[in-house]
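> model the following, please.
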Amino acid sequence: MKHIYNSLLIVISLACILGTSCGQTSEVVRVATDATWPPFEMIDDESKELVGLDIDLMKAIALRAGLQVEFINVSFDPLLAGMAQCQYDAAISAITITPDRAADFAFSDPYFAAGQIVVVQTGNTDITGIGTLGGNVVGVQMDTTGDIEAQKIEGTTIRRYDDIGLAFQDLMNGQLDAVIADNPMALEIVGQHPDQLKTAGDVFTDENYGIAVCKTNTELVAQINSALAELIAEGYIEGLTQIWVIGSEY
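Model prediction:
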């Protein structure tokens, strides 16, 4: 899969060399991300570098817009709080666009459709989806839409984690009955542990990821949206999806 990724980068770079859309790289944009959400953002075990669909996408956007990106790895809860206070210029971290969040900071145009799904142990036949979670212990990542959805379920005991990977670990260890998480990420984890985990039911929410931007920085929103539109039109995000979600090596 790496050769596909390299080809995508070559296409982006050639567009810059030919002067089709890339500006001169100058402005440094501080971008927050929570690198605990594969395949969108994570730390590579060997290189210790930030990798993932979101990381590649933000680098490509920066290249197109003539920006320099400085990534800051921060937990999701302080990431959202920091964006509301404009401590960061932007954030990309599989952030679902919601009205509450849009009141605190600006969003780019959507770049990825996702939704919530339930994951259980393979031997669990009692939980068949969101409607059967009542009375169970459910793990979520703090302040995510999975957390929001879990709070709507009557009689559910919710355990909140800074790192969703720890929730899946507790599920496999029998300390949780289920985990609610974004569908692409859930499928990634289930694919790594098919003998222990399975999805239960269908995706039960309709969500879109967007890049968060400091609300006062309308120019940055416009720059990101312009580059994002070009990349979407060229099939770049489809290529990243093929690498990181469908054919992930991580």
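> break down the chain into its helices, ranges please.
Across the chain, reading from the start of the chain, the helices by DSSP state H fall at 2-17, 53-65, 76-84, 99-104, 145-150, 164-172, 183-192, 218-233, 236-241.
> need the ones you listed in TSV (columns: distance to Trp37).
(Each C-beta comes from the backbone N, C-alpha and C, glycine too.) Rendered in TSV, the data for the helices of the chain read as follows (distance: least, C-beta to C-beta, whole Å):
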stretch	distance to Trp37
helix 2-17	19
helix 53-65	8
helix 76-84	8
helix 99-104	16
helix 145-150	11
helix 164-172	6
helix 183-192	6
helix 218-233	20
helix 236-241	15
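> could you dump those helices to JSON lines with mean pLDDT and mean neighbour count?
Shown next, in JSON lines, are those (pLDDT from 0 to 100; neighbours: other C-beta atoms under 10 Å):
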{"stretch": "helix 2-17", "mean pLDDT": "44", "mean neighbour count": "13"}
{"stretch": "helix 53-65", "mean pLDDT": "97", "mean neighbour count": "24"}
{"stretch": "helix 76-84", "mean pLDDT": "97", "mean neighbour count": "19"}
{"stretch": "helix 99-104", "mean pLDDT": "96", "mean neighbour count": "12"}
{"stretch": "helix 145-150", "mean pLDDT": "96", "mean neighbour count": "22"}
{"stretch": "helix 164-172", "mean pLDDT": "97", "mean neighbour count": "20"}
{"stretch": "helix 183-192", "mean pLDDT": "92", "mean neighbour count": "20"}
{"stretch": "helix 218-233", "mean pLDDT": "98", "mean neighbour count": "18"}
{"stretch": "helix 236-241", "mean pLDDT": "94", "mean neighbour count": "19"}
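> quick one: contacts for Met58?
With contact set as C-beta atoms under 8 Å, 6 or more residues apart in numbering, Met58 has these partners: Val31, Val69, Phe71, Ala90, Ile92, Ile211.
> now the two most distant members of the residues you listed.
Between any two of these, the greatest separation by C-beta to C-beta is 12.8 Å, found for Phe71 and Ile211.
> from the centroid of the chain, which residue is nearest?
In the chain, the centroid-proximal residue (C-alpha atoms, centre = their mean) is Ala94; its distance is 2.1 Å.
> report how many residues lie close to the residue nearest to Glu154 when sequence neighbours are not counted.
Ranked by C-beta to C-beta, 6 or more residues apart in numbering and with sequence neighbours excluded, the top spatial neighbour of Glu154 is Gly134, at 5.7 Å. Using other C-beta atoms under 10 Å, the number of residues around Gly134 comes to 12.
> and Gly134, what is it in contact with?
Taking C-beta under 8 Å, 6+ apart as the definition, contacts of Gly134 comprise Ile153, Glu154, Gly155, Thr156.
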